[in-house]
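S.K.: sequence below, structure please.
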Amino acid sequence: MDLKKQAALHALQYIRSGNVIGLGSGSTMALFIKALGASLKSGELSDIVAVPTSEETAQQAREVGVKLSTLDECERLDVAIDGADEVDNNLNLIKGLGRALLREKVVATHADEFIIIVDKTKLVSRLGTRGPLPIEVVSFAVDSQIRWLTQLGCVAELWLSDNGLALLTDNGNPIVRCWFDDGIDNPKHLAALIKSRTGIVEHGLFLDMATKVIVAHETRITEMESAR
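M.R.: Coordinates of the predicted model:
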C-alpha cells in the first residue's frame, strides 16, 4: 500500500462521530478525505462537519459527501488533519507547497489537536533541507520582498507556473520560494523576522503547532507526539 495512504488511513482513528474537523490540503490529504468519505458512507462515522483549507480540498470533500462549514460558523475544531512538506525532530514543520499555507495555519490555530500525516521521506533533521520555504506575499512590490528575503541568506524566487505567470493562492496572492543551502539554522528567529516584514502575508514555518505526527514507513506506522 502507498505510504501516504497508510498514514491517511491511520489518522482516521482520531476522528469521532460528531466531530468538527479541519481538512488540510495536498496529495496525502486527498487520500484522507477519500477514506473519510468511505467511512461516512459505510456508517462507521457520522455527523462530521469539516472546514476546508483550500478550494481544492472543499471540492474533494463535497465529492465524497463530507459536510462543509467555515470558521465563522464553528468557534472551535476538535481536530485538524493536514500533511507537511518537512517535519523535524521537534515536530516543527514546513508547509505550503500546496499553496494553502495561510488558510492551513488559520485552521490549525482553531483546532484542539493538530495532527500531521506524512511518509518517512518528509522527516528531516533540519528544516529547509528537502525543499524551499514558501512565503505568501501581497502582489504589490513583489520584487522588493524578494530582494529583502535574499538578504536572509537564501535564494528567493517568485513561484511561476509553466506559462511564466505567478502562481496564486486561493487568496489571490503570489508565493515566493526561499531555498536555504544548508537548511534553516534558527527557525523561530527566522519566522519572527519574516512575520515582522510589511507586505508579507504569511510564511510556511509551522512551529510548536503540531500535537501529533503520523509517519508511514515501509513496514510500520510510527507516531511522534508533542511534549506540550
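S.K.: use CA for all of it now, contacts and neighbours both
M.R.: Fine.
S.K.: show me what the longest helix seen in the chain is packed against.
M.R.: For the chain, the helix with the greatest residue count under DSSP state H is helix 27-42. Here helix 27-42 touches helix 3-11, helix 55-63, strand 79-82, going by 3 or more C-alpha pairs under 8 Å, 6 or more residues apart in numbering; DSSP states H and E.
S.K.: take these and write them to a markdown table, including mean neighbour count and distance to residue 179.
M.R.: What follows is the helices and strands packed on helix 27-42, written out as a markdown table (neighbours: other C-alpha atoms under 10 Å; distance: least, C-alpha to C-alpha, whole Å):
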| stretch | mean neighbour count | distance to residue 179 |
| --- | --- | --- |
| helix 3-11 | 22 | 25 |
| helix 55-63 | 17 | 26 |
| strand 79-82 | 27 | 23 |
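S.K.: next SSE after the longest helix of the chain?
M.R.: strand 49-52 (DSSP states H and E).
S.K.: alpha carbons only: can I get that next one in CSV?
M.R.: Extracted as CSV, the C-alpha positions of strand 49-52 are listed here (Å, rounded to 0.1, in the frame of the first residue of the first chain):
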residue,chain,number,x,y,z
VAL,A,49,-18.6,18.7,9.8
ALA,A,50,-15.3,19.9,8.1
VAL,A,51,-13.7,23.2,7.5
PRO,A,52,-11.5,23.0,4.3
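S.K.: against which helices or strands is it packed?
M.R.: Partner elements for strand 49-52 (3+ C-alpha pairs under 8 Å, 6+ apart): strand 20-23, strand 67-68.
S.K.: much appreciated, bye for now.
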